[in-house]
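S.K.: Show me the folded form of this:
(2 chains)
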There are 2 protein chains.
Amino acid sequence: MGSGIARMVLAKPGLELVGAFSKRAHRGGMDLGEVIGLDRVLGISINTDLEKVIEETQPEVAIQASYSRATDAAIDISTLVQHGINVISIADEMVYPQQKFPALAESLHWEAVSHGVSILGTGANPGFVLDLLVITLTGVCADIHTITARRVNDLSAYGPSVLASQGVGLTIDAFHEGLQNFTIVGHVGFVESMHMIARAVGWEIERVEETREPIVSQVRRATSFVTVEPGQVAGCHHKAIAFVGGIPVITLDHPQQVEPQLEGIQTGDSIEILGSPHISISGSPEIPGGQATMALAVNTIPRVLNSAPGLHTMTDLPVSAAMLTDARRFLLE
Amino acid sequence: MGSGIARMVLAKPGLELVGAFSKRAHRGGMDLGEVIGLDRVLGISINTDLEKVIEETQPEVAIQASYSRATDAAIDISTLVQHGINVISIADEMVYPQQKFPALAESLHWEAVSHGVSILGTGANPGFVLDLLVITLTGVCADIHTITARRVNDLSAYGPSVLASQGVGLTIDAFHEGLQNFTIVGHVGFVESMHMIARAVGWEIERVEETREPIVSQVRRATSFVTVEPGQVAGCHHKAIAFVGGIPVITLDHPQQVEPQLEGIQTGDSIEILGSPHISISGSPEIPGGQATMALAVNTIPRVLNSAPGLHTMTDLPVSAAMLTDARRFLLE
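M.R.: Model prediction:
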């Protein structure tokens, strides 16, 4: 993801990529151009010391693409903020850290305020498809009974670590074992999306019920990284239901698997709001997670620079649009 | 629309409806409950003198549902602003007055700033379906070639003035005559939506080509207000195409007619973005214009009260969500 974001920043007029940090020691000193797959030397060498890269490059904003968990992400975010640098993070849990990590969120918020900068967590999911887009659609409703959002995606392009986290290629028994020992996590982001939606509409969630079921393949499914035989697990069907007043009000449904088309499963996103009025939209194939996350990381730059200092969520700021001209044009005076 | 908005305000905990203004002299002194179709007296009598209703009720925010044109709407908006009252207007042209009426927009902006209040134009279309929703979706794109948004709706519930503005029930000749003498206008809002999108993504529109074609009915279509015989006009197919660099980049397509289902036409909204990545979403039936506009008028209240003073558009503020709890909970401290 970091490579794709770097390529996008390099391609955008009005943005200047001034430095690169990696936590992977073996990348230290390598030219960024080589690491991100360009056929040219950029003259930006990868630094493995965050303090040093900050001192040498003094960026206005940093995009963090190193972690999924907020507790991991927060350490570098805090360092950046203390040096007066705005931060956009694609760590899943940073999209709405207020629920799982209220103290951390509070501390990051005041740190950002006191250094006059902003922090934003973003991404396709969590961050957009199953939360911001849902919330945007609720705006046309006078009342709402239930919200159901479903994202059926294709993991075929993903590498070993993502596939392992969804149990792809395992037997059914190994899948259930993986759930027990937390090596299979399903989707990271339901808690964040649920609570973003609930906060936006003013619902107080009593409890969230989550289920993770193996998607057992009937056919052979093969990708560059894994082969799933019939009877083995092709992915994880992760679903979360939030209750308010004893009633299931928000359902987020996210079956993730490799090669879904081999069993005639069409990927896509859908949002259904039962209320006044009913709202139902859908799109197929799904909004591509990787590309969308990279684009959001870059497109949110002006929103972050224009915002009041603090820790923000995607719903606190005006929506981010594609930047199809010089990025500086999107900054408020 | 005003009646529906008033009913919604009355139903929302945390909102207090303090006064009602009508420009229709015959409504002066009538109880609001009677006028908006409630079976009870509200003790709020309709005032036809705007200055007087302001003095007597001192509202925090006014919702204006009296006009479609910005030049009409601006007079009352200005009066309200000068009395320190925030204004939400559902006048179509107030959704983005900056393009057609830059001087008016500039003047309203500074008037709002100097009185420490905000002005927002909102509505289903313009204001949401063919602009805010489109812009929100562009956020997941690194690059965009073309944007096409289409809204196929049903005018059957609308009364004589809307039907006349779309030429419903006319002969084909009378329709073309109506276009010539501007009694048939088609959709009011394309210029606003086009320029909202273009500004959001940084495109400079060179020109907009608009076409208005009669939708000639093959069958008899009847509503409470009009009967369309075969060969007569069932509505207006209004389309606008914006060009950048000689290339048609934004197409907004909005055929409006009565009883479309009688010819097997399914109503709905669709947005297609050709870019990196491609994005395609749709929903059927269409997001209902009347209900959505009323909901947005009310749901934007906290966003307007939370905003910095000035004239805003829907894309300048965080998205409005449904308010499913006490409205005061949505105000920033």
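
S.K.: can you map out the helices along the stretch 151-300 of chain A?
M.R.: In the stretch 151-300 of chain A, helices defined by DSSP state H, counting those that start in this stretch lie at A:160-165, A:172-180, A:190-201, A:289-299, listed in chain order.

S.K.: Looking at those helices, which is nearest to A:His312?
M.R.: Using C-beta to C-beta as the criterion, the shortest distance between A:His312 and the helices of the stretch 151-300 of chain A is 11.7 Å, found for helix A:190-201. From N, CA and C alone the C-beta is placed, and that goes for glycine too.

S.K.: By mean pLDDT, show me the worst of the helices of the stretch 151-300 of chain A.
M.R.: Of all the helices of the stretch 151-300 of chain A, helix A:160-165 carries the lowest average pLDDT, namely a mean of 93.

S.K.: just to revisit the earlier point, make JSON lines out of the helices of the stretch 151-300 of chain A and add distance to B:Glu229 and mean neighbour count.
M.R.: Formatted as JSON lines, the entries for these read as follows, by distance: least, C-beta to C-beta, whole Å; neighbours: other C-beta atoms under 10 Å in any protein chain shown:
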{"stretch": "helix A:160-165", "distance to B:Glu229": "61", "mean neighbour count": "16"}
{"stretch": "helix A:172-180", "distance to B:Glu229": "64", "mean neighbour count": "16"}
{"stretch": "helix A:190-201", "distance to B:Glu229": "46", "mean neighbour count": "25"}
{"stretch": "helix A:289-299", "distance to B:Glu229": "49", "mean neighbour count": "24"}
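
S.K.: how about those helices in CSV, adding distance to B:Pro309?
M.R.: What follows is these, written out as CSV (distance: least, C-beta to C-beta, whole Å):
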stretch, distance to B:Pro309
helix A:160-165, 47
helix A:172-180, 53
helix A:190-201, 24
helix A:289-299, 27
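
S.K.: can I get these in TSV with distance to chain B?
M.R.: Output for the helices of the stretch 151-300 of chain A, formatted as TSV (distance: least, C-beta to the nearest C-beta, whole Å):
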stretch	distance to chain B
helix A:160-165	19
helix A:172-180	31
helix A:190-201	4
helix A:289-299	4
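
S.K.: For B:Pro13, which of those is the nearest?
M.R.: It's helix A:190-201; of the helices of the stretch 151-300 of chain A, that one is closest to B:Pro13 (C-beta to C-beta) at 13.5 Å.

S.K.: The closest one vs helix B:289-299, what angle?
M.R.: Angle between the axes of helix A:190-201 and helix B:289-299 is 90 degrees (criterion: axes from the mean of the first three to the mean of the last three C-alpha atoms, to 10 degrees).

S.K.: Pretty sure A:Pro97 sits against A:Gly121.
M.R.: Yes - between A:Pro97 and A:Gly121 there is a contact under C-beta atoms under 8 Å: 7.0 Å.

S.K.: Contacts only, for the residue of the stretch 151-300 of chain A found nearest chain B.
M.R.: As assessed by C-beta to the nearest C-beta, chain B sits closest to A:Gly202 within the stretch 151-300 of chain A, at 3.2 Å. When the contact criterion is C-beta atoms under 8 Å, 6 or more residues apart in numbering or on different chains, the partners of A:Gly202 are B:323-326, B:329-330.

S.K.: ok, which of these also contact chain A?
M.R.: When the contacts of A:Gly202 are filtered against chain A using C-beta under 8 Å from any C-beta of the partner chain, the residues retained are B:323-326, B:329-330.

S.K.: For stretch A:167-181, what is the spacing between the initial and final residues?
M.R.: 12 Å (C-alpha to C-alpha, to the nearest Å).

S.K.: actually stretch A:147-166, sorry about that
M.R.: End-to-end distance for stretch A:147-166: 25 Å, by C-alpha to C-alpha.

S.K.: buried residues in it?
M.R.: Neighbour counts using 16 or more other C-beta atoms under 10 Å in any protein chain shown place A:147-156, A:158, A:163-166 of stretch A:147-166 among the buried residues.

S.K.: cool, and stretch A:214-225?
M.R.: If you call a residue buried by 16+ other C-beta under 10 Å, then stretch A:214-225 has these buried ones: A:214-217, A:221, A:223, A:225.
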